[in-house]
Structures are given as C-alpha cells and as structure tokens.
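Participant: build the 3D model from these lines:
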Amino acid sequence: DVRTLNDDELAGFRRAAVDHGVVFVRDQALTDDEQLDLARRFGSLSVYPVLRIAGEERPLEFIEDTADDPPKADRWHSDLTWLPAPPMFGFLHMEVAPDTGGDTMWADTQGVYESFSPAFQEMLAALRVLHRVEPLSFDRFEERFGSDVGGRFRAEYADGVEHPLVRRHPESGRVALFLAGYWMDAIVGFDRGESDLLLNYLMERATSPAHTVRWPWQVDDLAVWDERRTIHIALGDHYPRHRKVRRCTVDGEVPVAVGR
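Facilitator: As a prediction, the model looks like this:
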C-alpha cells in the first residue's frame, strides 16, 4: 500500500524506479489527494503549462478516451521535454480499464545507450536536440482553451528549448539517451534529412522489444516511472472502448550532458 510507506520504504521505492525505469503496483485504490500525496514525496508537483496560463493550478490531469474522444497519447514520447527542466517522475493511476487493449509501453533509453559501441556513444554525446511543441498541439490547445490562453501559450513556448541528446542521471550517475519522440524537432547543426535519419534510427532502436515493457492495465493499477531514462506510449488499440487514467508528474532538473 503506497499510502503507508515510511521514509525508508519510500527511498527503496524511488531507487527501484531509478534502477529499473518503471515500477508497477497492483491494487492501489487511491483518491486524487492520495496520489498527489505520494507524488509530493518525490518532489514538487508539476502543473501543465497551458493549465497554469489558464489559471488552473491543478497538478492532476485526467486522460480519457471514448468513442467520441479518441486516444491522444498513442505515439512514443516523454513528457514536457520542451521545458528547460522537464519532469523527473510520472505517476499514472488506472481509473477505467477497457476490457481489451489499452496497454501502455515504456522503453529504456539508458539500456539502449549502453548497448551502443563506445565510438557511437562518443559521437552521440556531443549532440544537442531542439525540443518544441508541435504546431498541431498549439492548435488543439487554442481550440480547447480559447484564443487568448492558447495564444499566450504559443507565444511563451514557440521557440522550444535545446537539450543534450545524451544526459547523465543525477541520482544514479548512469548515462541515457534523452529521447522524446514527437517533441524532438531536430538535431542542432544537422540538416533536416540528417537529423531525421539519426533520430528515427535511435527511436527505432530504443523501442525495439529488447528495450521495452508492455503493461496490461487493471483498475487501480499504479505506474511510477523515471522520465529521465524512459519514453512511453499509450496504445490506442482499445478504441472505441472507454479508458481513463489519472496522471501527475513532479518537477525535474535541467538535463546535464555527459562530461559536465
């Protein structure tokens, strides 16, 4: 029961997430506040930027798929990497599980980096990537929140932010690719073709079966993952069945390149 962890048990739970990338716990009938209480013990609660601009200081998000509202997270990604300091941990609780499909997968970007040759690792470690919000996402936020909030969000985050392609984990000291799927615009200094070629290759390697896990959800399952060494995807094969999850994240640190 994650609600009753003492400090030593919580430290072990956190180490498990850092060491393995993602931890799953069955039968956690958490309320909204209990999920936030757990996340708060890992760090400062994050508020999604567009919600902050809209004046909704709400650290919880509900992601709901229905026949009228198709899946929205069915591409590989990491959360909010277009921020200077992206989140460090994510917490996902299953509220409504479909009778079939709707699994979530995580990929280990630390493991795939460690599988590369030393020469390839060295080449990758020198690169930086521009992360930015997709134009379609800006349009979707304007449609949902109105032109004023959406326009302010676009103005604040349109330029994106550069991050190292390879980062050192501040807790484990190990090294991982910093991949983010569709939030990655291009490798700095590469032309579009070169950038697409390398980023597509890295995503293909990272999301291969050797580096992924697939979780079949049950109601009241809890997943806690380290955003700094994983990417994830919510599979959309349950559509049009109902699926609802409750998510929160905690604030992270500015990614640090290898050697710094």
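
Participant: ranges for the helices of the protein?
Facilitator: 7-20, 32-40, 49-53, 109-114, 118-125, 135-145, 147-157, 192-206 (DSSP state H).

Participant: mind putting those helices into JSON lines with mean pLDDT and mean neighbour count?
Facilitator: C-beta coordinates here come from the backbone N, C-alpha and C atoms, glycine included. Formatted as JSON lines, those follow (pLDDT from 0 to 100; neighbours: other C-beta atoms under 10 Å):
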{"stretch": "helix 7-20", "mean pLDDT": "98", "mean neighbour count": "14"}
{"stretch": "helix 32-40", "mean pLDDT": "98", "mean neighbour count": "16"}
{"stretch": "helix 49-53", "mean pLDDT": "91", "mean neighbour count": "19"}
{"stretch": "helix 109-114", "mean pLDDT": "97", "mean neighbour count": "22"}
{"stretch": "helix 118-125", "mean pLDDT": "97", "mean neighbour count": "13"}
{"stretch": "helix 135-145", "mean pLDDT": "87", "mean neighbour count": "15"}
{"stretch": "helix 147-157", "mean pLDDT": "92", "mean neighbour count": "16"}
{"stretch": "helix 192-206", "mean pLDDT": "98", "mean neighbour count": "15"}
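
Participant: nearest to Gly259, of these?
Facilitator: helix 118-125 (7.1 Å; C-beta to C-beta).

Participant: could the helices of the chain be laid out in a markdown table, adding distance to Cys248?
Facilitator: A markdown table is the format used below for the helices of the chain (distance: least, C-beta to C-beta, whole Å):
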| stretch | distance to Cys248 |
| --- | --- |
| helix 7-20 | 14 |
| helix 32-40 | 5 |
| helix 49-53 | 12 |
| helix 109-114 | 22 |
| helix 118-125 | 31 |
| helix 135-145 | 19 |
| helix 147-157 | 20 |
| helix 192-206 | 25 |
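
Participant: residues near the closest residue to Tyr157 other than its chain neighbours, how many?
Facilitator: Ranked by C-beta to C-beta, 6 or more residues apart in numbering and with sequence neighbours excluded, the top spatial neighbour of Tyr157 is Val133, at 5.4 Å. Each residue near Val133 was counted by other C-beta atoms under 10 Å, and the total is 23.

Participant: contact partners for the spatially closest residue to Gln35 that is not a sequence neighbour?
Facilitator: Nearest residue to Gln35 in three dimensions, chain neighbours excluded: His93, at 5.6 Å (C-beta to C-beta, 6+ apart). Residues in contact with His93 (C-beta atoms under 8 Å, 6 or more residues apart in numbering) are 28, 30, 35, 220-222, 245-247.

Participant: beta partners for His93?
Facilitator: Here His93 sits in beta bridges with Leu222, Arg246, as judged by DSSP bridges.

Participant: distance of it from Arg41?
Facilitator: 15 Å (C-beta to C-beta, to the nearest Å).

Participant: repeat for Asp99
Facilitator: 34 Å.

Participant: wait, doesn't Arg247 sit right on Pro59?
Facilitator: No: Arg247 lies out of contact with Pro59 (C-beta atoms under 8 Å); the separation is 9.8 Å.

Participant: gap between the residue nearest to Gln35 and Ala73?
Facilitator: Counting by C-beta to C-beta, the gap from His93 to Ala73 is 15 Å.
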